[in-house]
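Visitor: Build me a model from this:
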Amino acid sequence: MPIKFNYFILFLIITLSQTINAQNLEDLKRYVNESYIGTARYNSMGGAFGALGGDFSSINNNPASAAVFNYSQIGLSLDYENEENFSNYKNSIINESLSDFNINQFGMIFVLKKENSSNNWSRLNFAFNYQLNNTFKDEIVVYSNNNNKGIDDYFLYFAEGLETKNIQLNDNESISDLYRFLGNSSNLGYGAQQAFLGYQAYVINPLYDNENNTNYFSNAIYTNGLNQEYYITSNGENKKNTYNISGVYMNNIFIGLNINSYKLRYSEKKDFYENNYDSSSSIQNIQFKNELTTYGKGTSIQIGLITKLKNNLRIGFNYHSPIWYRFFEESTQFIISSHYIGDDFFENTIDPNTINVYPKYRLVIPSKISGSLAYVFEKKALLSFEYISTDISSAYFEDDQVASFTELNNEIRSDLKSKNIIKIGGEYKLQGFNLRAGYINDSSYNSTYDTSMDIISLGLGIDFGYSLLDLSIQKTHLKDSRRLFNSGFNDLYDLKRDIINITATYIIKL
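Guide: Coordinates of the predicted model:
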């Protein structure tokens, strides 16, 4: 079992190099992925509301949805989520489960009708909707016996080409002093810090005993395979507030505008353990721990249209601008190694006791467009279809420097592609009850591995006259692959998730 180490972190602020960034493709994936969880009615019909409207979460899909409301309303949604994660690394499959409970939606709309108005605008509505755009609570365990790679490859990757004098302690210089100095150096930064940790923990050594040496070798010897354990826990959420104005023109054209604001927090802990080195190996055990906290804000706008071609046929269109995010991040890390120097056995804890504060950066999530079609069968039933497309390969990171994210942005353009989403929903009305079903297919947007998602859902609605109660159950199956570490030791492991969401929404007509 892994050993827990408690340590005191000194709040010493450093700014990392602008030329070597800690951001990677996982940061983009985290904010591109959506949970598709809203009101119970929205969930149960697969979110296919682009041509229907009249639901709080549908306003997030198409701003014109707010114009469909005939009465002022207020609504609240509660969601219970149970998640099963299955990681597969070198045919070692590990299962972890977790559950959570959230107030995932709250909305209100005010309807202003113009009775006997001489102009063509019959209704003007104002709406607000809060929704959890995504949650980041996760627990993943990866385990394997690896014959090919170890954590030494990670440290070697960052050390190669770096002069040894940069990672050697001078007289009266502490681990914290040099770690902070490397982070503050414009030509060294994050990469040099990683090399420094590996060198000071005796995982790697310079090939030549010379301060100008730039080549390194590993002290790790493993011919029988390494036992590797990786524990990833994360938490946080991306909250979305939508401010809407909408109206009805000529009784059959619904138009709306959204201004969206996002506020997110993401925290992540990664614990990596490695042992089973050969008896002749200087290194015998390694624990490498990293913690990351991200804070961000974002904005976007939407315009939408719904029109009735006939009494029973509707079409919808929505344009969602890029989401302009602004982030800053903090991280801490340490490494513990057990090793031999000659016949003497040592355990070294290399803990800089430092919080790395990275330069602020921006992320632009590409715009998306959607088209929708809905058919109403004599007010007894309806079928709805929605198609959404966005080109994820056009996402990009940037900051105040010219070429900070050139390598990462090139990776985005080469590895990612368009993401296409299909939503299908249906509803059948009985006296006082509504039965619902839906389906969502979210296509893979990675050219190398599968990131697709399928969702099926069922639901029930009860109309009490002046209030509504909606219930839904939704099952999500998601595929993904992630890298153990972003560089050097960057093997992929597969991840599959089965998620059950049970949502209840209560709406009061005002």
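Visitor: Where do the strands of the stretch 51-200 of the chain begin and end?
Guide: Here the stretch 51-200 of the chain has its strands, by DSSP state E, counting those that start in this stretch, at 73-89, 92-113, 121-135, 138-146.
Visitor: Look up how far S281 lies from the nearest residue to D152 once chain neighbours are set aside.
Guide: Closest residue to D152 apart from its sequence neighbours, by C-beta to C-beta, 6 or more residues apart in numbering: S218 at 4.0 Å. Where C-beta positions appear, they are placed from N, C-alpha and C, glycine not excepted. Counting by C-beta to C-beta, to the nearest Å, the separation of S218 from S281 is 9 Å.
Visitor: which one of these two has more residues nearby?
Guide: S218 (20 against 16; other C-beta atoms under 10 Å).
Visitor: ok, the more buried one touching V203?
Guide: Yes: the criterion here is C-beta atoms under 8 Å, and S218 meets it with V203 at 7.0 Å.
Visitor: so what sits against both of these two?
Guide: Both S218 and V203 are contacted by D152, under the criterion C-beta atoms under 8 Å, 6 or more residues apart in numbering.
Visitor: Run through this structure and note the low-pLDDT ranges.
Guide: 1-21, 114-118 (pLDDT under 70).
Visitor: Mind checking what helix or strand follows the top strand by length along the chain in sequence?
Guide: Taking DSSP state E as the criterion, the chain has its longest strand at strand 283-310. Counting by DSSP states H and E, the next helix or strand C-terminal to strand 283-310 is strand 313-320.
Visitor: Give the closest residue to S282 in space, chain neighbours not counted.
Guide: Leaving aside its chain neighbours, S282 sits nearest to N219 (4.1 Å; criterion: C-beta to C-beta, 6+ apart).
Visitor: For burial, what's the neighbour tally of that neighbour?
Guide: Count around N219 with other C-beta under 10 Å applied: 20.
Visitor: for I455, same thing?
Guide: Counted with other C-beta under 10 Å, residues neighbouring I455 total 23.
Visitor: Can you list the strands that the helix or strand harbouring it pairs with?
Guide: According to DSSP H and E, I455 maps onto strand 453-463. Partners of strand 453-463 in the sheet, by DSSP bridges, are strand 433-442 (antiparallel), strand 467-483 (antiparallel).
Visitor: How about residues contacting the helix ranked longest in the chain?
Guide: The residue-count maximum for a helix in the chain (DSSP state H) belongs to helix 189-200. Applying C-beta under 8 Å, 6+ apart, the contact partners of helix 189-200 are 16-22, 152, 154-156, 158-159, 162, 164, 166-169, 175, 178-179, 182-183, 185, 204-206, 216, 288, 333-335, 348, 350, 356.
Visitor: Among the residues you listed, the buried ones, what's the PyMOL command?
Guide: Buried residues among the contacts of helix 189-200 (16 or more other C-beta atoms under 10 Å), as a PyMOL selection:
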select buried, resi 16+17+18+20+21+22+152+154+155+156+158+159+162+164+166+167+175+178+179+182+183+204+205+206+216+288+333+334+335+350+356
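Visitor: from the contacts of helix 189-200, which ones fall inside helices?
Guide: Among the contacts of helix 189-200, the ones falling in helices (DSSP H) are 152, 154-156, 158-159, 175, 178-179, 182-183.
Visitor: Relative to T503, which of those is nearest.
Guide: Y154 (41.5 Å; C-beta to C-beta).
Visitor: Can you give me the separation between the closest one and K475?
Guide: Y154 is 37 Å from K475, by C-beta to C-beta.
Visitor: Assign the residue nearest to S389 when sequence neighbours are not counted to helix, strand or coil.
Guide: Closest residue in space to S389, ignoring its immediate chain neighbours: N420 at 5.2 Å, by C-beta to C-beta, 6+ apart. Three-state assignment for N420 (DSSP: H, G, I helix; E, B strand; the rest coil): strand.
Visitor: residue contacts, the residue nearest to D152?
Guide: Neighbours of S218 in contact, by C-beta under 8 Å, 6+ apart: 150, 152-153, 156, 203-204.
Visitor: And F158, by the same measure?
Guide: F158 is in contact with 191-192, 194-195, 198, 487-488, counting by C-beta under 8 Å, 6+ apart.
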